[in-house]
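Q: Show me the folded form of this:
(one chain, ligands or ions: 1)
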Amino acid sequence: MRHDSSIVEFQQKRGGDCAAFFVPFLTSDTILLDAGCGPGTITAALAGIVAKAVGVDIEPKAIAAANRLAARTGLTNVTFVEADMTTLPFEDGTFDAVFFHAVLYHESRAVLTRTLAEARRVLKPGGFVATRDADVGGNVLHPEIDGVHLALDLWQRWYEHDDPASLRFGRQQGSILRTNGFTPVWAGASYVNHSADAASRSEAVADARRSLLGLGPQLVGKGFATDDEIQAALAGWEAWGADPDAVYFRCRCECVARRD
Ligand SMILES: C[S@@+](CC[C@H](N)C(=O)[O-])C[C@H]1O[C@@H](n2cnc3c(N)ncnc32)[C@H](O)[C@@H]1O
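A: So this is what the prediction gives:
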């Protein structure tokens with residue numbers, strides 16, 4: 001294994017949580033692509049168990065952060081490339097495995113089709129694609145707080161106004177992969193736990209806050225919400241975060257499919 005203690009930490013925190021389901025499909029000979037790698041935490045974690053890992057992201061800041069992480073951890077088998085997953089700068093059949101983590105959820109069907117065609121092109125025959133994404137239908141949230149319900153409703157108003165199934169993306173991954181030329185071989189689900197302690201609850205509150213403040217002007221602009229509703233939703237999350245018995249388990253659906 002080529003990793004130091006900080007990578008072990010990533011494997012436990014991110015790779016362990018986010019990519020554990022894909023690990024049985026990876027070997028020490030695997031050449032892996034992590035598409036939409038963000039800051040590279042999962043790519044770096046998986047680099048510890050494959051021959052070579054490449055992370056791509058369209059966002060230059062994400063690639064800069066990923067390169068800093070690679071430098072910090074001293075990994076020599078991971079590279080990060082600024083690239084668009086719909087037009088990948090790699091030869092046909094370069095990779096044994098392609099991973100999409102929290103990347104495909106809000107993409108349009110047209111982008112999904114292009115992205116999965118690229119994944120198929122850069123995969124070797126017999127290679128695997130894995131996806132892990134959210135599905136609000138599986139979330140567990142307690143206690144019942146009006147402002148939190150309002151926040152969920154606001155997200156639904158925003159994300160489902162042009163695609164009624166968009167918040168239940170996770171469960172559709174297998175059928176989407178099959179439609180795009182892959183053969184699903186495994187499906188499952190796991191949870192992100194925002195309940196264990198005050199820090200993990202604050203993470204959920206900060207996430208909700210970021211999202212509500214980011215979407216707020218657009219929701220109000222399109223007439224989907226009022227400023228008062230945004231404020232009530234924010235207050236609801238603060239109240240949730242202050243309850244020591246609050247739980248929030250966020251469902252993540254997982255799928256692995258083969259490129260025949
Ligand atoms: C929610 S983040 C997930 C990052 C990472 N996979 C993780 O789970 O930690 C989604 C990432 O997908 C990237 N992304 C979105 N569209 C992309 C595209 N067309 N090509 C490459 N990356 C893209 C974004 O820049 C962002 O870093």
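
Q: switch to C-alpha atoms for all contacts and neighbour counts from now on
A: Will do.

Q: could you pull out the helices for the stretch 51-200 of the chain?
A: 60-73, 109-122, 146-159, 173-179, 198-221 (DSSP state H, counting those that start in this stretch).

Q: Off-centre distance for the shortest one?
A: Averaging C-alpha positions (Cα atoms, centre = their mean, to the nearest Å) puts helix 173-179 17 Å from its chain's average.

Q: before we move on, back to that, could you dump the helices of the stretch 51-200 of the chain into TSV with mean neighbour count and distance to residue 233 added?
A: Converted to TSV, the helices of the stretch 51-200 of the chain look like this (neighbours: other Cα atoms under 10 Å; distance: least, Cα to Cα, whole Å):
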stretch	mean neighbour count	distance to residue 233
helix 60-73	17	30
helix 109-122	18	30
helix 146-159	18	4
helix 173-179	18	30
helix 198-221	17	8
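
Q: got TSV for those helices, with distance to residue 231 too?
A: Putting those into TSV (distance: least, Cα to Cα, whole Å) gives the following:
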stretch	distance to residue 231
helix 60-73	30
helix 109-122	33
helix 146-159	9
helix 173-179	34
helix 198-221	9
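
Q: what's the closest of these to the ligand?
A: helix 60-73 (5.9 Å; Cα to the nearest ligand atom).

Q: could you list every residue that touches the closest residue to residue 191 other than its chain neighbours?
A: Distance criterion Cα to Cα, 6 or more residues apart in numbering; nearest residue to residue 191, sequence neighbours excluded, is residue 251 at 4.7 Å. By Cα atoms under 8 Å, 6 or more residues apart in numbering, the contact set of residue 251 is 134, 135, 136, 137, 138, 139, 140, 189, 190, 191, 192.

Q: Go ahead and confirm the first one touches residue 165.
A: Going back to what we said before, that points to residue 134. No. Taking contacts as Cα atoms under 8 Å, residue 134 lies outside contact range of residue 165: 11.9 Å.
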